[in-house]
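Asks: coords below, sequence missing:
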Ligand code: SF4
């Protein structure tokens, strides 16, 4: 149906810009058909994330994330670089959405996550998205990750519903920045199998400076508490050691910010539990020259070891660690729709 519309629009006597706008209008309306009335209602006064902009995205009014109603899937790809329990041998299928409710100045996905860019819409129709996911899943583990889906929760649910209609039931991983609304997470209880949140900062000043995320600390504490309420501290697998459900908290070690890392670990142990699974990430890599000199280098092995030792001393005993050399293989290349040096 949409393909016919596309052909008709391309043949119309209109300027390129008019054609793009018209196509966008048609695709938005097509997407609305996949959303429930509750989801449309949510988008008409958006409070999906803690920013609670109240934007009427249904009528193309934009909030902080600068997105109306759009699939905006920037990349759907097999990813072998996630935590081994998720990637296993064949890798997981990751769906990357354009734009984000956080704006980390060091984001490795900045080409698609920056809210200043035009949203990338690599698979413009739901049918293309579903076909692509099924195709990538056929060569991956049966695990589907949604990356930075916070501002696209209704779209994520619509995608899952369509997959179920095609009898495709992957385990769902919700991979997010930890800047989440508890109400949205409560709604996700029956949709998400594995939560994979970042816990970036214990220091709100740092969160504001580097991620434009006011009140990050209180927000991540209540968000992860809700995830913990849903999943507990154990990771469940089936008899073949395929992931069933769980919570894995990620922390990215930043150069010169070891005190922040230690405070984060203290908070996780105090507010949640040191029995949870931790993923201590060393992959920080400045994407370009940043306005803060301390951020313009990778971390050292010594820095990483100091944080790891602190985690062990604090009682964490289920920790995924990361080699410093693994940086390139886990960074998506959004220009070429692949991974940097991904063999
Ligand atoms: S998802 Fe976007 S529009 Fe909605 S509250 Fe968050 S930033 Fe605002």
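Replies: Everything's here; your move. Keep in mind the model is a prediction, meaning the values are calculated, not measured.
Asks: mind listing what the residue nearest to residue 44 when sequence neighbours are not counted touches?
Replies: Once flanking residues are discounted, residue 44 sits nearest to residue 58: 4.2 Å by Cβ to Cβ, 6 or more residues apart in numbering. Where you see a C-beta, it was placed from the backbone N, CA and C, and this is true even at glycine. Counting by Cβ atoms under 8 Å, 6 or more residues apart in numbering, residue 58 makes contact with 32, 40, 43-44, 68-69.
Asks: Among these, name the buried ones.
Replies: 43, 68-69 (16 or more other Cβ atoms under 10 Å).
Asks: Just the ones in helices from the residues you listed, please.
Replies: Under the assignment DSSP state H, the buried ones among the contacts of residue 58 contribute residue 43 to helices.
Asks: Output the buried ones among the contacts of residue 58 as CSV; include the columns distance to residue 332.
Replies: What follows is the buried ones among the contacts of residue 58, written out as CSV (distance: Cβ to Cβ, whole Å):
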residue, distance to residue 332
43, 27
68, 24
69, 25
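Asks: Nearest to the ligand, out of the buried ones among the contacts of residue 58: which one, please.
Replies: residue 43 (8.3 Å; Cβ to the nearest ligand atom).
Asks: pLDDT wise, what is the closest one at?
Replies: At residue 43, the pLDDT value in this model is 97.
Asks: Equivalent analysis for residue 337, please.
Replies: According to the prediction, residue 337 has pLDDT 79.
Asks: Next, count neighbours for it.
Replies: Residues near residue 337, counting by other Cβ atoms under 10 Å, number 13.
Asks: Enumerate every residue touching it.
Replies: 75, 77, 122.
Asks: and these near the ligand, which?
Replies: Near the ligand, judged by Cβ under 6 Å from any ligand atom, there are no entries from these.
Asks: Ignoring the adjacent residues along the chain, who's closest to residue 117?
Replies: That would be residue 111: by Cβ to Cβ, 6+ apart, it lies 7.1 Å from residue 117.
Asks: Let me see the backbone angles for the one you found.
Replies: phi -60, psi -30 (degrees, to the nearest 10).
Asks: again with residue 150
Replies: phi -50, psi -50.
Asks: got it, and residue 277?
Replies: Dihedral angles (degrees, to the nearest 10) for residue 277: phi -90, psi 130.
Asks: In the sheet, which residues pair with it? Tell me.
Replies: When bridges are called by DSSP bridges, residue 277 pairs up with residue 248.
Asks: Could you check how far it is from residue 197?
Replies: Plainly put, residue 277 is 12 Å away from residue 197 if you go by Cβ to Cβ, to the nearest Å.
Asks: Repeat that for residue 48.
Replies: For residue 48, the distance to residue 197 equals 15 Å [Cβ to Cβ].
Asks: before we move on, back to that, would CSV of the contacts of residue 337 with secondary structure, pLDDT and distance to residue 150 be doable?
Replies: CSV is the format used below for the contacts of residue 337 (DSSP: H, G, I helix; E, B strand; the rest coil; pLDDT from 0 to 100; distance: Cβ to Cβ, whole Å):
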residue, secondary structure, pLDDT, distance to residue 150
75, strand, 96, 17
77, strand, 96, 20
122, coil, 92, 20
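Asks: now the helices for the stretch 101-250 of the chain?
Replies: Counting by DSSP state H, counting those that start in this stretch, residue ranges of the helices within the stretch 101-250 of the chain are 110-113, 126-137, 153-165, 182-187, 204-211, 216-231.
Asks: Dump those to a markdown table, plus distance to residue 193 and mean neighbour count.
Replies: Shown next, in a markdown table, are these (distance: least, Cβ to Cβ, whole Å; neighbours: other Cβ atoms under 10 Å):
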| stretch | distance to residue 193 | mean neighbour count |
| --- | --- | --- |
| helix 110-113 | 24 | 20 |
| helix 126-137 | 14 | 18 |
| helix 153-165 | 11 | 19 |
| helix 182-187 | 14 | 16 |
| helix 204-211 | 27 | 18 |
| helix 216-231 | 9 | 20 |
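Asks: Mind checking those helices for the one nearest to residue 261?
Replies: Among those, helix 204-211 comes nearest to residue 261, with 10.9 Å by Cβ to Cβ.
Asks: Isn't residue 81 up against residue 339?
Replies: Yes - counting by Cβ atoms under 8 Å, residue 339 is a contact partner of residue 81 at 7.3 Å.
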